[in-house]
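In: Structure, please.
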Amino acid sequence: MQVSSSSSMPASSARDTASQIAQLQTQLKSLTQKLKSLATSDVDAKTKKMQQELLQAQMMAVQAQIGALQRAQQQAQEQKMRSEPPAPVEPATGERARAATTLGSQVDTFA
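Out: Reported below is the predicted structural model:
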């Protein structure tokens, strides 16, 4: 599976990425189960060691793919946060404005 990272990800792509991660996690569970069952299999030691190494390499590759997809998701989220304009700040009006301007006069200071 080819994994590419992009700096911005549309919503449909984010869902696709989440789906890919879920599929990879299922694949990882399957590989883990195969590795566990290998321990009790009736194959010779040399074959068992080769199969164990192969399964571990496949597990590492799947984990790397999951990590790459998660990093791409994180980068897309950060990019989205940077590109969204900040919420407008409402100017203080009416009673809040008067309270803000007179607040300093209501505080007692002692030397």
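In: Where does the prediction get shaky in this protein?
Out: 1-11, 90-111 (pLDDT under 70).
In: Repeat the analysis, applying 80 as the threshold.
Out: Along the chain, the model assigns pLDDT under 80 to residues 1-14, 84-111.
In: name the element the residue nearest to the spatial centre of it belongs to?
Out: By C-alpha atoms, centre = their mean, the chain has its centre lying nearest to residue 70, at 4.2 Å. Element membership of residue 70, judged by DSSP states H and E, is helix 45-83.
In: ok, now which ones touch residue 51?
Out: Contacts for residue 51 (C-beta atoms under 8 Å, 6 or more residues apart in numbering) come out as 38, 43. Placement of C-beta: from N, CA and C, glycine included.
In: Can you tell me how far it is from residue 24?
Out: Distance of residue 51 to residue 24, computed by C-beta to C-beta, to the nearest Å: 21 Å.
In: now swap in residue 40 and tell me
Out: To residue 24, residue 40 is 26 Å away according to C-beta to C-beta.
In: Among the two, which residue is more densely surrounded?
Out: Neighbour tally, residue 40 and residue 24, criterion other C-beta atoms under 10 Å: the higher count belongs to residue 24, 20 against 6.
In: what secondary structure does that one sit in?
Out: helix (DSSP: H, G, I helix; E, B strand; the rest coil).
In: That one reaches residue 62, doesn't it?
Out: Yes: Residue 24 is within contact range of residue 62, at 5.3 Å (criterion: C-beta atoms under 8 Å).
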